[in-house]
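got a sequence here, can you build the structure:
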Amino acid sequence: MLCLTEGAADECNVVEVVARNHDHQEIAVPVANLRLSCQPMLSLDDFQLQLPVTFRLKSGSGPVRITGRHQIVTISNDVSEEEEDEEEAELCPILPAKKQGARP
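Numbering: from 1, shown residues only. Below you'll find the predicted structure:
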């Protein structure tokens, strides 16, 4: 689940997932465009990730909270057993995108 949190401005907040492909090249895929007035949260139900991945705020100033569920499925003697770890880890907030051409 991706959700804008308190203090978010009414602007487009684009969140992308950054990972590596089979050639070990970095790829980034936008997965959410959140806006306080029309879509402040988005469920990525059944969205599966191959670790390691990084969520990055591509545009907007956030803050965006990301929560999820880690699920492990094991098969033993043709019987499926599921173990779920539903702990919500406290993550650092996503930092705003860097402005192009700005100098410190």
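
would you map the strands across the protein?
2-4, 13-20, 26-34, 41-42, 54-59, 64-66, 70-76, 79-85 (DSSP state E).

and the residue nearest the centre of the chain?
residue 55 (4.5 Å; C-alpha atoms, centre = their mean).

distance check, it against residue 62.
Distance of residue 55 to residue 62, computed by C-beta to C-beta, to the nearest Å: 11 Å. C-beta: built from backbone N, CA, C; applies to glycine.

need the strands of the chain in CSV (columns: distance to residue 48).
What follows is the strands of the chain, written out as CSV (distance: least, C-beta to C-beta, whole Å):
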stretch, distance to residue 48
strand 2-4, 16
strand 13-20, 11
strand 26-34, 12
strand 41-42, 16
strand 54-59, 15
strand 64-66, 15
strand 70-76, 9
strand 79-85, 15
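
buried deepest among those strands, which one?
strand 2-4 (a mean of 20; mean count of other C-beta atoms under 10 Å).

outside of that one, which residues touch it?
Residues from elsewhere that reach strand 2-4 (C-beta atoms under 8 Å, 6 or more residues apart in numbering): 13, 15, 31-32, 34, 36, 40-42, 44, 62-67.

what mean pLDDT does that strand have?
For strand 2-4, the mean per-residue pLDDT is 96.

what do you get for stretch 49-56?
88.

got it, and stretch 75-87?
Here the average pLDDT along stretch 75-87 is 55.

hey, what's the residue lying closest to residue 30 once chain neighbours are set aside bridged with?
Once flanking residues are discounted, residue 30 sits nearest to residue 16: 4.7 Å by C-beta to C-beta, 6 or more residues apart in numbering. Residue 16 has these beta-bridge partners by DSSP bridges: residue 30, residue 56.

neighbours of residue 12, how many?
13 (other C-beta atoms under 10 Å).

next up, the contacts around residue 9.
Residue 9 sits next to 36, 60-61 when contact means C-beta under 8 Å, 6+ apart.
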